[in-house]
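Undergrad: Make a model of this:
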Amino acid sequence: MRSIIALLLITACATRPASNDAGGVRAGFDTSVRACDDFYQHAVGPWLKQNPIPPAFDSWGRFNVLAEDNRAKLRAILEEAATTSAPRGTRGQRLGDFWRTCIDEAAIERQGAQPLADQLARLRGIRTKDDVIDAAAHLHALGMPSLFGFGADSDLRNPSMNIANAGQGNLGLPEPNYYSDTDDRAKQIREAYYTYVTRLLALTGDDTATAARNAREIVRLETELASAQLTRVQRRDIEAQYNMRSLAELQSATPSFDWTRWLAASGAPRFERLNVVHPKYFEELERQLVKRTPAEWSNYLRFRLADAAAPYLSSAFSDAHFDFRGRMLQGRKEQLRARDVERSGQISSSPTTSARSTPRATSRRRRVRTRWR
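TA: Down below sits the predicted model:
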């Protein structure tokens, strides 16, 4: 056995070129570096040298190239729709209107926070715990999960079934340890996060002093919620995240949260049992529901809404978002306007012409949609 392994190693480390170089793959190798000395440099060194990370990105690779190429094609579809007079009510007309709205920077700047006016009024109207539940469910239905994560996924012990899962929520910082680490970098991130929260609260109606005070409470709330979350390493233990409960058991564990009300308001289908992925988190959420006033939850949900919408709003919002999430967290040097890139990706599942949407592709989309209903 040892002789076989030794033979394989000798073969792998040989500098002699392979006789079969399908597709010219070896032409991209760094032959000045032996594979056994530094395989990564040997395999991709020339590509890395020829493809530096663009200023608007925090990483770059072959899949980024494919994604950007796809986005360019999607943008071409949008630009064509915007310059074509399509019949009213058709996809072409809707896409054209959509794109013209997205690139009207002057109108976007004039509107400021106005596109959020109805949602902000709803959140500012929170007076009771039931209002908190209704508002959180409403944001979840809009694609902005708050308080906790919830959705359908495969049953870990029966992959042929999809089941409901409830787990720890997405907080404003990437991982729980960001709230508790004591190194200088972590402290800088937390201070920058506090500044970011303050800026968004001010942009959505708070005066300077009120925004600063509410931001402190929001960061404190998230810090306490983060203390009950599993870390990235702990989440590798899949078995520990399989905790089937009945709805009655979940309700008993979180008596301050009306699950029947939330499920109805969020539009979730009926079910009797679910996987409570992170039970400890819901224990902490229950403590916070008892501890925090409806006004505090109103401020928190208002920030969550503004944070999710910021890349698509005026420069005051998008710049604040980039300064923290792009520059501070990701190290990006240049802002990539979301309405020019990310929004164009939203049409990927919306065919515009028969030439771009084959029957096979349409059939595949239908199968995927049916699977996740």
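Undergrad: C-alpha only now, for contacts and for neighbours.
TA: OK.
Undergrad: Go ahead and name everything in contact with the helix or strand Leu225 falls within.
TA: Leu225 is located in helix 208-226, with elements delineated by DSSP states H and E. For helix 208-226, the external contacting residues (CA atoms under 8 Å, 6 or more residues apart in numbering) are 171-172, 176-177, 179-180, 194, 197-199, 201-202, 281, 284-285, 288, 296, 299-300.
Undergrad: among those, which ones are buried?
TA: If you count burial by 16 or more other CA atoms under 10 Å, the buried members of the contacts of helix 208-226 come out as 171-172, 176-177, 179, 194, 197-199, 201-202, 281, 284-285, 288, 296, 299-300.
Undergrad: Could you find the closest non-adjacent residue to Tyr204?
TA: Not Tyr; residue 204 is Thr. In space, and not counting its chain neighbours, Thr204 is closest to Ala113: 6.4 Å by CA to CA, 6 or more residues apart in numbering.
Undergrad: Pop out the phi and psi values for that neighbour.
TA: With angles defined as degrees, to the nearest 10, Ala113 sits at phi -90, psi 0.
Undergrad: quick one: contacts for it?
TA: Ala113 neighbours (CA under 8 Å, 6+ apart): 203-204, 313-314.
Undergrad: quick one, helices of the stretch 1-150 of the chain?
TA: Secondary structure of the stretch 1-150 of the chain by DSSP state H, counting those that start in this stretch: the helices cover 2-13, 39-50, 62-82, 91-102, 105-111, 117-124, 129-141.
Undergrad: Point out where the chain drops to low pLDDT.
TA: Judged against pLDDT under 70, the low-scoring parts of the chain cover residues 1-25, 337-373.
Undergrad: still on that earlier bit, just name the most buried of the helices of the stretch 1-150 of the chain.
TA: Neighbour counts (mean count of other CA atoms under 10 Å) averaged over each of the helices of the stretch 1-150 of the chain peak at helix 129-141, with a mean of 21.
Undergrad: Can you dump the C-alpha atoms of that one in CSV for me?
TA: Backbone C-alpha positions of helix 129-141 (Å, rounded to 0.1, in the frame of the first residue of the first chain) are rendered in CSV as follows:
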residue,chain,number,x,y,z
LYS,A,129,-47.5,43.3,21.3
ASP,A,130,-50.1,42.1,18.8
ASP,A,131,-49.1,45.1,16.6
VAL,A,132,-45.5,43.9,16.9
ILE,A,133,-46.5,40.4,15.7
ASP,A,134,-48.6,41.7,12.8
ALA,A,135,-45.8,44.1,11.7
ALA,A,136,-43.1,41.4,11.9
ALA,A,137,-45.3,39.0,9.9
HIS,A,138,-46.0,41.7,7.3
LEU,A,139,-42.2,42.4,6.8
HIS,A,140,-41.6,38.6,6.5
ALA,A,141,-44.3,38.4,3.8
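Undergrad: And the contacts of that helix?
TA: For helix 129-141, the surrounding residues in contact (CA under 8 Å, 6+ apart) are 122-123, 126, 145-147, 257-258, 261-263, 265-267, 294, 297-298, 301, 305.
Undergrad: ok, back up a step: among the contacts of helix 208-226, which lie within helices?
TA: Per DSSP state H, helices hold the following members of the contacts of helix 208-226: 194, 197-199, 201-202, 281, 284-285, 288, 296, 299-300.
Undergrad: can you name the two of these that are farthest apart?
TA: Across those, the two members that end up farthest from each other (CA to CA) are Ala202 and Tyr281, 29.8 Å apart.
Undergrad: which of the contacts of helix 129-141 count as buried?
TA: For the contacts of helix 129-141, burial is judged from neighbour counts taken by 16+ other CA under 10 Å, and it is met by 122-123, 126, 145-147, 257, 262-263, 265-266, 294, 297-298, 301, 305.
Undergrad: State whether Arg245 is indeed within a helix.
TA: No: secondary structure of Arg245 (DSSP: H, G, I helix; E, B strand; the rest coil): strand, not part of a helix.
Undergrad: For the strand ranked longest in the chain, buried residues please.
TA: When the chain is parsed with DSSP state E, its longest strand is strand 158-168. Going by neighbour count (16+ other CA under 10 Å), the buried part of strand 158-168 is 162-168.
Undergrad: what sits up against it?
TA: Around strand 158-168, the neighbours that count as contacts under CA under 8 Å, 6+ apart are 147-155, 229, 271, 273-279, 281-282.
Undergrad: Test my guess that Glu283 contacts Pro255.
TA: No: the pair Glu283 and Pro255 does not pass the contact test of CA atoms under 8 Å, sitting 10.2 Å apart.
Undergrad: Find the residues that touch each one of those two.
TA: Where contact means CA under 8 Å, 6+ apart, no residue is in contact with each of Glu283 and Pro255.
Undergrad: report the angle between the axes of the helix holding Leu225 and strand 158-168?
TA: Taking axes from the mean of the first three to the mean of the last three CA atoms, to 10 degrees, one finds that helix 208-226 is oriented at 140 degrees with respect to strand 158-168.
Undergrad: Identify the residues contacting the residue nearest to Ala166 when sequence neighbours are not counted.
TA: Nearest residue to Ala166, sequence neighbours excluded (CA to CA, 6+ apart): Phe150, at 4.5 Å. For Phe150, the contact set (CA under 8 Å, 6+ apart) comprises 164-167.
Undergrad: And for Leu200?
TA: With CA under 8 Å, 6+ apart, Leu200 has these contacts: 303, 306-307, 317, 320.
Undergrad: how about those in CSV, adding secondary structure, neighbour count and distance to Ala212?
TA: Converted to CSV, those look like this (DSSP: H, G, I helix; E, B strand; the rest coil; neighbours: other CA atoms under 10 Å; distance: CA to CA, whole Å):
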residue, secondary structure, neighbour count, distance to Ala212
Phe303, helix, 25, 12
Ala306, helix, 22, 16
Asp307, helix, 20, 16
Phe317, helix, 23, 17
Ala320, helix, 19, 15
